[in-house]
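S.K.: predicted structure and sequence below. I'll ask about it afterward.
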Amino acid sequence: MTQTLTIARMGHHGDGIAETPNGPVFVPGALPGEVVRGEVKDGRLDSFELVEASADRRPIFSHAYAECGVAPLQHWADGPYLEWKRDVVIHTLSREGLETEVEATVATPPASRRRIALHARRSPNGRVVLGFKARRSWRLVEITDCPVSDPALVAAFPALHKVADAFLTHPKSAPTLHATLTDTGLDVDVTGVEKRSGGPSADQIAKAITAAAEGGLARLGLDGDTLVMERQPRVTFGRASVPIPAGGFLQASPAAEAAMAERVVAAVQGTKKVADLFCGAGTFTFPLAEVASVMAADSAASSIAALKAGFATAKGLKGIDAQARDLFRRPLSPYDLKGCEAIVLDPPRAGALEQTQQLPGTKAHTIVGVSCNPQTFARDARVLVDAGFRLEKVTPIDQFIWSTHIELVGVFRR
């Protein structure tokens, strides 16, 4: 049955929500205050007629991005969109009984993302298609432009097509190309290549290497193993030039990374020794080493090796002691963290509960949490607050623009 609904608010997953006598109805693509009409099925209205538009609605930047759900909020004006992200953080913290100053969301500009993961498929007519999966579907939506990515990354799409073509010989092959723009060129790591028939043949690999050379790629890898490297991919962290390992983690946007680093360093000013946990290849380690000596730890040995190599390129820094250690299985104890006056954590989406539980026993007076998941941040923050830390402030950062994804930096003191 067709219904006319008024959108009351925006849900945490970016869907407009209308309140009805039968419960909430979720309406993807609708904005607060809008009136929509359509057929409701299982509490959702996935296709609707816009009866009354919000004054905050604006033209979208990419129909393909709207279809695949990578940027589901590109039709929302910047002001209310950024404020909504701040509200999500406030609400998530409140569910753990946490109240603090939540600053305005830090915006990042379009056309600034330096990494992208594109799925590759061969169409029925034999053409190579690169794109993202449609929302709530396995269907691939072709991407020919990308309004959120650096233009240099978009310019490399033809080269990525040729690389994908080399690995699309098996009918069930469904590779994903992870492309990262570095200081020395494009770094591409391919995953998901069909291996049941023994993996890619020598001819496939040779064809991919030729495509990489013709496209000017700095490096081409397969599941983290380098196939060919014309130039070592390097990025700049603070004063260091760091050789990024194949398949290594890197923040998506340099602008967002800079906003995080600025707040992390500001929070630990005046300390002599800082621990940087889940440090990766040194995203925050090197900026921190400008103001304090740093103990850095991460589970990826390749990232620690890259960090050490980067340290050799930097001048005028305090000391850095880096070690490879699984902080989930073997969290650093208060004894291990002896002498650290401040501790920085930047864990994956699962958070860092095991490591966080060790921190109250340290002598650290400041803890800085960098998170890509407000829910696990709030869970871990509850542990610190219960142990006597005060959550001083939280800053949301819009690294993945027009998405529902929220990064944040939180500062704790005692």
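M.R.: Arrived safely, thanks for sending.

S.K.: hang on, His365 packs against Ala342?
M.R.: Yes. At 7.1 Å, His365 and Ala342 qualify as touching, with contact defined as Cβ atoms under 8 Å. Every C-beta, even on glycine, is put in place using the N, C-alpha and C of the backbone.

S.K.: for the two, work out which one has more neighbours and name it.
M.R.: Between His365 and Ala342, counted using other Cβ atoms under 10 Å, Ala342 has the larger neighbour count: 28 against 16.

S.K.: low pLDDT regions in the stretch 51-200 of the chain?
M.R.: 66, 69, 136, 171-172, 195-198 (pLDDT under 70).

S.K.: spell out the secondary structure type for Gly126.
M.R.: Using DSSP: H, G, I helix; E, B strand; the rest coil, the structure places Gly126 in coil.

S.K.: where's it relative to Leu73, distance?
M.R.: 36 Å (Cβ to Cβ, to the nearest Å).

S.K.: so the two - more neighbours on which side?
M.R.: Leu73 (19 against 8).

S.K.: check contacts around the residue nearest the centre of the chain.
M.R.: Centroid-nearest residue in the chain: Ala252, 5.7 Å away (criterion: Cα atoms, centre = their mean). Ala252 sits next to Arg113, Arg114, Arg115, Gln399, Phe400 when contact means Cβ atoms under 8 Å, 6 or more residues apart in numbering.

S.K.: which one is the fourth one nearest to, not counting chain neighbours?
M.R.: Across the structure, with Cβ to Cβ, 6 or more residues apart in numbering as the measure, the residue nearest Gln399 apart from its sequence neighbours is Ala256 (3.6 Å).

S.K.: so that neighbour touches Asp398, yeah?
M.R.: Yes. Here Ala256 reaches Asp398: they are 7.4 Å apart, a contact under Cβ under 8 Å.

S.K.: ok so, going back, the residue nearest to Gln399: how many residues sit nearby?
M.R.: As a burial measure, Ala256 scores 22 neighbours (other Cβ under 10 Å).

S.K.: and the helices in the stretch 101-250 of the chain?
M.R.: All helices of the stretch 101-250 of the chain, identified by DSSP state H, counting those that start in this stretch, fall at 151-154, 157-167, 202-215.

S.K.: for the second one, buried residues please.
M.R.: Buried positions in helix 157-167, judged by neighbour count with 16 or more other Cβ atoms under 10 Å: Phe157, Ala159, Leu160, His161, Lys162, Val163, Ala164, Asp165, Ala166, Phe167.

S.K.: packing partners for the longest helix seen in the chain?
M.R.: Using DSSP state H to define each element, the chain has its longest helix at helix 78-94. In terms of contacts (3 or more Cβ pairs under 8 Å, 6 or more residues apart in numbering; DSSP states H and E), helix 78-94 is packed against strand 101-102, helix 374-386, strand 390-397.

S.K.: what segments of the stretch 251-400 of the chain are helices?
M.R.: 254-267, 285-288, 301-311, 353-356, 374-386.

S.K.: what's opposite Arg44 in the beta bridge?
M.R.: Arg44 has these beta-bridge partners by DSSP bridges: Phe26, Lys41.

S.K.: which residues does it contact?
M.R.: Val25, Phe26, Val27, Pro28 are the contacts of Arg44 under Cβ under 8 Å, 6+ apart.

S.K.: do Ser47 as well
M.R.: Ser47 sits in contact with Gly38, Glu39, where contact means Cβ under 8 Å, 6+ apart.

S.K.: would you format the helices and strands packed on helix 78-94 as a markdown table with mean neighbour count and distance to Gly319 included?
M.R.: Output for these, formatted as a markdown table (neighbours: other Cβ atoms under 10 Å; distance: least, Cβ to Cβ, whole Å):
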| stretch | mean neighbour count | distance to Gly319 |
| --- | --- | --- |
| strand 101-102 | 14 | 33 |
| helix 374-386 | 20 | 27 |
| strand 390-397 | 20 | 28 |
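
S.K.: can you add distance to Lys273 and give these back as JSON lines?
M.R.: Compiled in JSON lines, the helices and strands packed on helix 78-94 are given as follows (distance: least, Cβ to Cβ, whole Å):
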{"stretch": "strand 101-102", "distance to Lys273": "27"}
{"stretch": "helix 374-386", "distance to Lys273": "19"}
{"stretch": "strand 390-397", "distance to Lys273": "20"}
